[in-house]
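# Have a look at this fold, sequence not included:
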DNA sequence: ACGGTGACGCTCA
DNA sequence: TTGAGCGCCACCG
């Protein structure tokens, strides 16, 4: 089980209408400071349609990166019931507690 | 084994 | 409040 696989495993648990952050995800894996590495894993995204990488956002609730386009990402989230304002998400309400 | 790269995160100006 | 800088970790050539 390589690092990126763990990322996918945890991310896969995030339900619709909820989101998580790279930092939280990294922390859940056991590497609180590996947020960057997580992003790297998402970028590779070997498990493309299987993993909801669009539910992963920045620690401040701002969308970052995403090769497919931020706009599209926002669209998908809103579609799932996540309230997005100016490319921002209310972490207090939509941040999923990873365990 | 080494160095470069990147979908991050925090601090300081 | 926004922008720039520095430190992190894992993957790839």
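Received it, and whenever you're ready, just let me know what you need. Computed from a predicted model, the values in this text were never measured in an experiment.
# Return the residues of chain A in contact with DNA strand C.
A:2-4, A:31, A:33-37, A:40-41, A:44 (C-beta under 7 Å from any atom of the strand). Placement of C-beta: from N, CA and C, glycine included.
# how about these, which pair is most distant?
Checked with C-beta to C-beta, the residues of chain A next to DNA strand C reach their widest spread between A:33 and A:44, with 19.5 Å between them.
# wouldn't residue A:6 be in contact with residue A:31 here?
No: contact criterion C-beta atoms under 8 Å: residue A:6 and residue A:31 do not qualify, at 9.0 Å.
# Look up the closest residue to the closest residue to DNA strand B within chain A, ignoring the ones flanking it.
Scanning chain A for proximity to DNA strand B using C-beta to the nearest atom of the strand identifies residue A:65 as nearest, at 1.5 Å. Nearest residue to residue A:65, sequence neighbours excluded (C-beta to C-beta, 6 or more residues apart in numbering): residue A:39, at 6.4 Å.
# For the residue of chain A found nearest DNA strand C, list the residues it contacts.
DNA strand C sits closest to residue A:37 of chain A, with a gap of 3.0 Å, by C-beta to the nearest atom of the strand. For residue A:37, the contact set (C-beta atoms under 8 Å, 6 or more residues apart in numbering) comprises A:3, A:26, A:31.
# PyMOL command to pick out the buried ones of the residues you listed?
To isolate the buried members of the contacts of residue A:37 in PyMOL, using 16 or more other C-beta atoms under 10 Å:
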select buried, chain A and resi 26
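# that older thread, just give me the neighbour total for the residue of chain A closest to DNA strand B.
Per other C-beta atoms under 10 Å, the neighbour tally for residue A:65 reads 15.
# neighbouring contacts of the helix or strand containing residue A:20?
Residue A:20 is part of strand A:20-21, with elements assigned from DSSP states H and E. Contact with strand A:20-21 is made by A:11, A:14, A:35, A:55-59, A:61, A:91, A:95-96, A:98, as judged by C-beta under 8 Å, 6+ apart.
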